[in-house]
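let's see this in three dimensions:
(one chain, ligands or ions: 2)
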Amino acid sequence: MDHNTCIYDYTNLVMGATEIRSSRRMMDKLHMINIEKYGYDSFFKQQFELRKNENLVPGRVIGVYKSAYKVMTLNGEVIAELSGNYYNRVIYKSDFPCVGDWLLLNKSNIIIDLMERKTKLSRKTPGKKVDEQILAANVDVLFIVTSLNKEFNSRRIERYLATAINQGIKPAIILTKMDACNDVVAYIEKLNQIAPEVTCIFTSAYEKVGIEGIFDELSEGKTGVFIGSSGVGKSTLVNVLMGEEVQKTFDIRIQDHKGRHTTTHRELFILANNGNIIDTPGIREIHLWSDNNSSGGFEDIEEYARQCRFRDCQHIHEHDCAVRKAIEENKIDKERFKNYLKLQRELYYSSLQHDKREKIAFQKQIKRKSKIEGLSLKK
Ligand SMILES: Nc1nc2c(ncn2[C@@H]2O[C@H](COP(=O)(O)OP(=O)(O)OP(=O)(O)O)[C@@H](O)[C@H]2O)c(=O)[nH]1
Ligand SMILES: [Zn+2]
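Ligands and ions are numbered 1, 2, ... in the order given. Prediction:
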């Protein structure tokens, strides 16, 4: 399906071939939004095509409220709520829409369905509860933001890199506050040790340095997420990218069912070059959550691991362990290796939890189904 088809569906306009060619001008006339700049590409168009007879509209979540969503559609921003049917189908918390998700809405702005996600930036829910929390969906680039000062921490960067690579998201490292750093070379060396292949962008929001480098990573329709500790300068950078003070709490205030005003803190903004950015304030830690065991960003260690005598070598006390030998010869940093093991364990644990969660959900589904069919389940 092409972009024009969805304009037909939505407005019932009858257009000829010539008009189709000038659909963008047409959209301007009708005050329609070009949702392609929000990342509406063939991946989502195909999903919409499969449902085209249902009179639905595609839209992207640009803000999340307690019980409603701010969604960008062809018609501009709307406030949308979930349908009862949607609620009934939800099994996991991660089935609820999050910022960056593409939705199918009906004409009354009721959310009928969630489109399949291209990527998701997930973490394990903070605290004891073991579950997945999706921070943002359909992310193309994870900007790992860190300052060129004491806050710089190789182990933390490795963790973020593993998260991005494991989830199929391209990582890029943004180094901030270059104006206040007098030994940039030392940081370049550190980055070479942990992320030789990763794009590193050196910036100063104060002096507007390096901003182009961020724009380069975000062409039209691409979505980037900023992640990093509090105080590294994420918001300042977002403001510079936006060219203005971004109002964190939009004027638009809505009421939830209890009549209270609620605001959102995870939002998607569009840049002048039509790239999309999501700021994630308040993310202090990220524990890996994944349904697969492959960590990312440790190719150097994995390269040595392939040379170990035993394929399932744990690199602890096995004979002929190439990894331990590399550590002894200072070819692998010991602390980096420890972090690798830690993240591996975290991933393994998370994949076990993932399987457990699937089993519980499967049982829930059977129970629900048998309830509907009037059957009772005996143990
Ligand atoms: N020297 C210097 N300081 C900066 C720069 N950018 C931001 N800062 C300062 O760093 C502090 C934190 O900046 P914020 O943008 O609020 O940091 P943040 O990462 O958004 O923090 P949270 O909102 O808590 O996640 C502020 O005092 C900024 O003025 C920079 O380019 N150079
Ligand atoms: Zn080994």
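
quick one: name the residues of the stretch 201-350 of the chain near ligand 2.
Contact residues, the stretch 201-350 of the chain versus ligand 2 (CB under 5 Å from the ion): 308, 313, 315, 321, 323. For glycine as for every other residue, the C-beta is placed from the backbone atoms N, C-alpha and C.

6 Å instead?
Proximity of the stretch 201-350 of the chain to ligand 2, by CB under 6 Å from the ion, involves residues 305, 308, 313, 315, 318, 321-323.

list just the nearest of those residues to Leu82.
Nearest to Leu82 among those is Ala305, at 45.6 Å by CB to CB.

from the residues of the stretch 201-350 of the chain next to ligand 2, which two are the most distant?
Ala305 and Glu318 (11.0 Å).

quick one: which of those two has more around it?
Ala305 (18 against 14; other CB atoms under 10 Å).

show me the shaky parts of the protein.
Filtered on pLDDT under 70, the chain yields the residue ranges 1-31, 128, 244-265, 281-285, 288-295, 354, 362, 365-366, 368-379.

run the last query once more with 50
Along the chain, segments meeting pLDDT under 50 span 1-17, 20-21, 247-263, 376-379.

could you tell me which residues of it lie near ligand 1?
176-177, 179-180, 204-206, 230-236, 281 (CB under 6 Å from any ligand atom).

so Leu175, which state does it fall into?
strand (DSSP: H, G, I helix; E, B strand; the rest coil).

tell me the contacts of it?
146-148, 152, 187, 191, 200-203 (CB atoms under 8 Å, 6 or more residues apart in numbering).

for Phe337, same thing?
Applying CB under 8 Å, 6+ apart, the residues near Phe337 are 301, 315, 323, 327.

between those, which is nearest ligand 1?
Nearest to ligand 1 among those: Ile301, at 30.1 Å, using CB to the nearest ligand atom.

may I have the phi/psi pair for that closest one?
The phi/psi pair for Ile301 (degrees, to the nearest 10) reads phi -70, psi -40.

you'd agree it is up against Tyr340?
Yes - between Ile301 and Tyr340 there is a contact under CB atoms under 8 Å: 5.3 Å.

are any of the residues of the chain next to ligand 1 buried, and if so which?
176-177, 204-205, 232-235 (16 or more other CB atoms under 10 Å).

what is the nearest of those to ligand 2?
Comparing those against ligand 2 with CB to the ion places Val232 closest, at 35.5 Å.

in the host helix or strand of Lys356, what counts as buried?
Following DSSP states H and E, one finds Lys356 within helix 334-372. Buried residues in helix 334-372, counting neighbours by 16+ other CB under 10 Å, are found at 336-337, 339-340, 343-344, 346-347, 350-351, 353-354, 357.

now render those residues as TSV, adding distance to Asn273.
Shown next, in TSV, are the buried residues of helix 334-372 (distance: CB to CB, whole Å):
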residue	distance to Asn273
Arg336	36
Phe337	40
Asn339	36
Tyr340	37
Leu343	34
Gln344	38
Glu346	36
Leu347	35
Ser350	36
Ser351	38
Gln353	40
His354	37
Arg357	40
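
which of those sits closest to ligand 2?
After measuring these against ligand 2 - CB to the ion - the closest member comes out as Phe337, at 10.5 Å.

quick one on the thing from earlier: now the residues of the stretch 201-350 of the chain next to ligand 2 in TSV, with secondary structure?
What follows is those, written out as TSV (three-state DSSP):
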residue	secondary structure
Ala305	helix
Cys308	coil
Cys313	coil
His315	coil
Glu318	coil
Cys321	coil
Ala322	helix
Val323	helix
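
what is the neighbour count of Arg324?
18.

what of Lys124?
20.

phi first, then psi, for it.
Dihedral angles for Lys124 - degrees, to the nearest 10 - are phi -70, psi 140.

how far off helix 334-372 does the strand or helix carrying Lys190 point, in degrees?
Assigned by DSSP H and E, Lys190 belongs to helix 184-194. Helix 184-194 runs at 60 degrees relative to helix 334-372, counting by axes from the mean of the first three to the mean of the last three CA atoms, to 10 degrees.

show residues contacting helix 184-194.
148, 152, 154, 157-158, 161, 173, 175, 178, 181, 198, 200, 202, 297, 333, 336.

can you give me the helices for the stretch 151-300 of the chain?
For the stretch 151-300 of the chain, applying DSSP state H, counting those that start in this stretch gives helices covering 154-166, 184-194, 211-217, 234-242, 299-305.
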